[in-house]
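Colleague: Need a 3D model of the sequence below.
(2 chains, ligands or ions: 2)
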Number of protein chains: 2
Amino acid sequence: CSSEAADPRQVPSSSTVNSSISNRQELYMIDAVSPGSIFFLPHGTRLINKLVSFMKLQQMKLNFDEVMTPLLYRKSLWEKSGHWDNYKDDMFVVKSSRDDEKESFGLKPMNCPGHCLIYLRKDRSYNELPIRYSDFSSLHRNEQSGALSGLTRVRRFHQDDAHIFCTIEQIKDEINNNLRLVDTVYKTFGINDYKLLLSTRPSEKYIGELADWDAAESNLKQVLESTGKKWEINEGDGAFYGPKVDILLKDNFGKEHQSATIQLDFQLPQRFKLTYKDSQGLLKTPVMIHRAIYGSIERFLAILIDHYEGKWPFWLSPRQAIVLPVSNEHHLEFSQDFQKKLSGFNNDLNNAISLSKRDLFDVDMDSRSVGINRRIKNATQKGYNYIIVIGEKEINGGQIAVRNCKTNQVEHYSSVDELREKFVELTESFQ
Amino acid sequence: CSSEAADPRQVPSSSTVNSSISNRQELYMIDAVSPGSIFFLPHGTRLINKLVSFMKLQQMKLNFDEVMTPLLYRKSLWEKSGHWDNYKDDMFVVKSSRDDEKESFGLKPMNCPGHCLIYLRKDRSYNELPIRYSDFSSLHRNEQSGALSGLTRVRRFHQDDAHIFCTIEQIKDEINNNLRLVDTVYKTFGINDYKLLLSTRPSEKYIGELADWDAAESNLKQVLESTGKKWEINEGDGAFYGPKVDILLKDNFGKEHQSATIQLDFQLPQRFKLTYKDSQGLLKTPVMIHRAIYGSIERFLAILIDHYEGKWPFWLSPRQAIVLPVSNEHHLEFSQDFQKKLSGFNNDLNNAISLSKRDLFDVDMDSRSVGINRRIKNATQKGYNYIIVIGEKEINGGQIAVRNCKTNQVEHYSSVDELREKFVELTESFQ
Ligand SMILES: [Zn+2]
Ligand SMILES: [Zn+2]
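Modeller: Ligands and ions are numbered 1, 2, ... in the order given. Okay, the predicted model is just below:
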């Protein structure tokens, strides 16, 4: 459980530390048959699932609607969206081997055009706005093979992506809510040191009305000011379609990472001829806001690995506890039962578990036929939060001795349920 | 709420009914820019998410480990797996537009090769078996455009896929557990009428040892017999790499659908040179079991749409309740608050919701400025399970009148919490 003391003479780089923790904890692997795509191993998948579930919860509260959209779209769509002209080199082109499909497809690098198509499926009224589509789809960007690196420069990744379609008047509230969401989410991970960066209208190449730009930028400045957070202007660095707010956070090694982004877009709604009927019955063009809170979930995971130095808080940990039977001959059955109960399951195979089942914990078991001390050492290295050794005493005595790897103390519990209560408490308080 | 009585003279086909329900409930859309790929709209996404969450829960209990694997793999991998020779026409071929990647990629039609690579990443011991990888990745199969239809014949789909790597001796238990899982899951959906079909060794083209085939088939027969379910033999109809059990279920229209499948595979482990060290220290080749319980989740959803005729049980419903303020001027704020509470959320934007939060319900609100009767009618057509109209009486009186659309009765609740208790009870009992 104890941390290895760092040698102050050696200052390891972020990426070295990152991959050494990931290897030791068996979070993911990469393979030359799929450069830039991550294979998430079971414990890495648990982390990704927890990050995604956590974000979905926060977004539900803010009335985002999750959608699932295709990965392949005809070239003609990418021409319409402008990606074919401006982004083609970064896209994977897909061909059908059949004669009945002559047109090429592009594997999506972004969700925006797909969400515009959903917006377009029926006439929209001001009544329905803001419409907020969230999407956790796989995205592919064809990064050069030399640039690929671990979790941070990949070809396949996932975003906690969302697009908000709203009126000009609604921009302010939407930006404000999303900046609060950034703050709430980052605070939960103990990330308090981040910077907001407003990128404004480029001096030459831009589209849309000057008045809209001015209104949007002044809105954004007011919102940024009201957060009480540090913010800076990056004059003229906005996208040609609208101003944006980027969030930069500093990792433990002092390196800055761009994570969240909130971008206003006046262009895509025009390209896709999106409209809504206002309260007077007039057709108007909505504004589109692209935003992500984690940004790339893979990159955010890399930041968290550095941030926590692999010592996951209990609620987020992919290894919340492990059960180790001293002897497989005598303690295996009790241990299996214990693991099942501590995880939150039972042995009833005939009745399904309902969706209201809660408080499921990631409890592993190591019953390999190697010595108990080696298994304890191994569990320590893997970063389990709690280690529970089951021997004669535990089976007969009733008391359960649990090693808390954060404090390195042994805690005693009278029952599985009491230990589960502790686990619930840790989860609820984000410890 | 009431169902439209069916005209006995007209017997609609499964697919007509299916798409009319899907349209009315706004579950998904399709678009010519992505033939055969489904755009799941917000309420369709809720259904898919519930189906996936439900399966994950059942699989966790059986110690499956979820993994996330890439979508793109070099041609060389598909050559090794045999897909390039036998399945190429059904695969989408992907090219990089960059010079640094000359080799083609294949967009995966199946997860099996990816899971073999994870197995291969380290030496395996008999101690670790069975290894059970589950995966909900996107799969792409290049069906001919003429064959595409709704949710059932698609190009992009998802499976509740899993691969089990085990010893010959472990096959029986694994098959047995998965057949029980099929039964438990299908029973939960009220699907009791299904048939098990054992496909055995082809008379000529097959690989592997005759003794292994015989042992596997006799194992499968014993397991099938022990289920007490109807089962039949399809002599000689197994895959060339191993025998399989398919599950055929009948929909409301008498049409049979193949859903779950459990396949033994002696070939892929050899092609990928998978090994494990047995208890004597000897290298052995594991058996691989391919299995899916829903099969294609898209197709399973289509079956459920028919099965329930669009009348979703509460626990699975994408529209569990809707709140309708009589007047936006006077009842909007109370309604918003009510909707939030009934969903399980609060208005605190500064604290994150923890992963132990439970009992979140899909409660929508319709506050469009159209008459209350039109909104009630609309909610009825959409298939909401509960409709809650908020007017003066509800705000002042304290009692909440709730229309239960299943019974078409009005029920009275004294508080949001009491109604939530009812919702929890319905969820836990799969009503
Ligand atoms: Zn976007
Ligand atoms: Zn398979």
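
Colleague: Need the per-residue pLDDT for residue A:25.
Modeller: In this prediction, residue A:25 carries a pLDDT score of 98.

Colleague: Now do the contacts for it.
Modeller: Residue A:25 is in contact with A:43, A:310, A:318-319, A:382-383, counting by CB atoms under 8 Å, 6 or more residues apart in numbering or on different chains. C-betas here are computed from N, CA, C, even on glycine.

Colleague: Over to residue A:303?
Modeller: If you count contacts by CB under 8 Å, 6+ apart, then residue A:303 has A:249, A:251, A:257, A:259 around it.

Colleague: quick one: residue A:420 is in a strand?
Modeller: No: counting by DSSP: H, G, I helix; E, B strand; the rest coil, residue A:420 is not part of a strand but helix.

Colleague: Compare the contacts of residue A:25 and tell me which is most surrounded.
Modeller: residue A:318 (24 neighbours; other CB atoms under 10 Å in any protein chain shown).

Colleague: so that residue sits in a strand?
Modeller: No: under three-state DSSP, residue A:318 sits outside any strand and is assigned coil.

Colleague: what's the distance between it and ligand 1?
Modeller: Taking CB to the ion, to the nearest Å as the criterion, residue A:318 is separated from ligand 1 by 30 Å.

Colleague: on that earlier part again, may I see the contacts of residue A:303 arranged in JSON lines, with secondary structure and neighbour count as well?
Modeller: Formatted as JSON lines, the entries for the contacts of residue A:303 read as follows, by DSSP: H, G, I helix; E, B strand; the rest coil; neighbours: other CB atoms under 10 Å in any protein chain shown:
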{"residue": "A:249", "secondary structure": "strand", "neighbour count": "22"}
{"residue": "A:251", "secondary structure": "coil", "neighbour count": "19"}
{"residue": "A:257", "secondary structure": "strand", "neighbour count": "19"}
{"residue": "A:259", "secondary structure": "strand", "neighbour count": "22"}
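
Colleague: circling back: wait, which of the contacts of residue A:25 is closest to residue B:353?
Modeller: Of all these, residue B:353 sits closest to residue A:318, with 20.2 Å by CB to CB.

Colleague: Which pLDDT value goes with that closest one?
Modeller: 98.

Colleague: which one of the contacts of residue A:25 is nearest chain B?
Modeller: Ranked by distance to chain B (CB to the nearest CB), the contacts of residue A:25 are led by residue A:43 at 8.6 Å.

Colleague: Mind listing the residues bridging to residue A:409?
Modeller: When bridges are assigned using DSSP bridges, the partners listed for residue A:409 are residue A:404.

Colleague: burial of it, as a residue count?
Modeller: 10.

Colleague: go on, residue A:88?
Modeller: By the measure other CB under 10 Å, the count of residues near residue A:88 is 15.

Colleague: what's the most distant pair in the contacts of residue A:303?
Modeller: In the contacts of residue A:303, two members sit farther apart than any others by CB to CB. They are A:251 and A:259, at 10.3 Å.

Colleague: Contacts only, for the residue in the stretch 251-400 of chain A that chain B sits nearest to.
Modeller: Per CB to the nearest CB, the residue of the stretch 251-400 of chain A with the smallest distance to chain B is residue A:358, at 3.7 Å. With contacts defined as CB under 8 Å, 6+ apart, the neighbours of residue A:358 are A:344, B:356-359.

Colleague: Am I right that it is in a helix?
Modeller: No: for residue A:358, which was evaluated using three-state DSSP, the result is coil, with no helix membership.

Colleague: residues of stretch A:218-230 that come out buried?
Modeller: Buried positions in stretch A:218-230, judged by neighbour count with 16 or more other CB atoms under 10 Å in any protein chain shown: A:219-220, A:223-224.

Colleague: what about the longest helix in chain A?
Modeller: helix A:42-61 (DSSP state H).

Colleague: What angle do helix A:42-61 and the host helix or strand of residue A:157 make with each other?
Modeller: Residue A:157 is part of strand A:156-166 when elements are defined by DSSP states H and E. Comparing the axes of strand A:156-166 and helix A:42-61 via axes from the mean of the first three to the mean of the last three CA atoms, to 10 degrees yields an angle of 0 degrees.

Colleague: now check strand A:156-166, is it near ligand 1?
Modeller: No: where contact is defined by CB under 5 Å from the ion, no part of strand A:156-166 touches ligand 1; the two come within 5.6 Å at best.

Colleague: in the sheet, who's paired with the residue of the stretch 51-200 of chain A found nearest ligand 2?
Modeller: Ranking the residues of the stretch 51-200 of chain A by distance to ligand 2 (CB to the ion) places residue A:138 first, at 19.3 Å. With DSSP bridges as the criterion, the beta-bridge partners of residue A:138 are residue A:158.

Colleague: ok, it - contacts?
Modeller: Residue A:138 sits in contact with A:71, A:156-158, B:71, B:138, where contact means CB under 8 Å, 6+ apart.

Colleague: which secondary element of chain A has the worst mean pLDDT?
Modeller: The helix or strand of chain A with the lowest confidence, counting by mean pLDDT, DSSP states H and E, is helix A:83-86 at a mean of 83.

Colleague: distance of residue A:374 from residue A:380?
Modeller: Plainly put, residue A:374 is 11 Å away from residue A:380 if you go by CB to CB, to the nearest Å.

Colleague: which of these two has more neighbours?
Modeller: A direct count of neighbours by other CB under 10 Å for residue A:374 and residue A:380 places residue A:380 higher, at 16 against 11.

Colleague: Identify the residues contacting the one helix or strand residue A:20 maps to?
Modeller: Taking DSSP H and E as the criterion, residue A:20 maps to helix A:14-24. Contacting residues not belonging to helix A:14-24 are listed as A:27-28, A:44, A:149-152, A:251-253, A:255, A:302, A:305-306, A:309-310, A:381-383 [CB under 8 Å, 6+ apart].

Colleague: do that again at 10 Å, thanks
Modeller: A:6, A:10-12, A:27-30, A:41, A:43-44, A:149-153, A:251-255, A:257, A:301-306, A:308-311, A:381-383 (CB atoms under 10 Å, 6 or more residues apart in numbering or on different chains).

Colleague: joint contacts of residue A:251 and residue A:259?
Modeller: Here residue A:251 and residue A:259 share the contacting residues A:191, A:303, scored by CB under 10 Å, 6+ apart.

Colleague: How about chain A: which residue is closest to ligand 2?
Modeller: residue A:39 (15.9 Å).

Colleague: quick one: contacts for that residue?
Modeller: Contacts for residue A:39 (CB under 10 Å, 6+ apart) come out as A:28-31, A:45, B:67-70, B:114-115, B:117-118, B:121.
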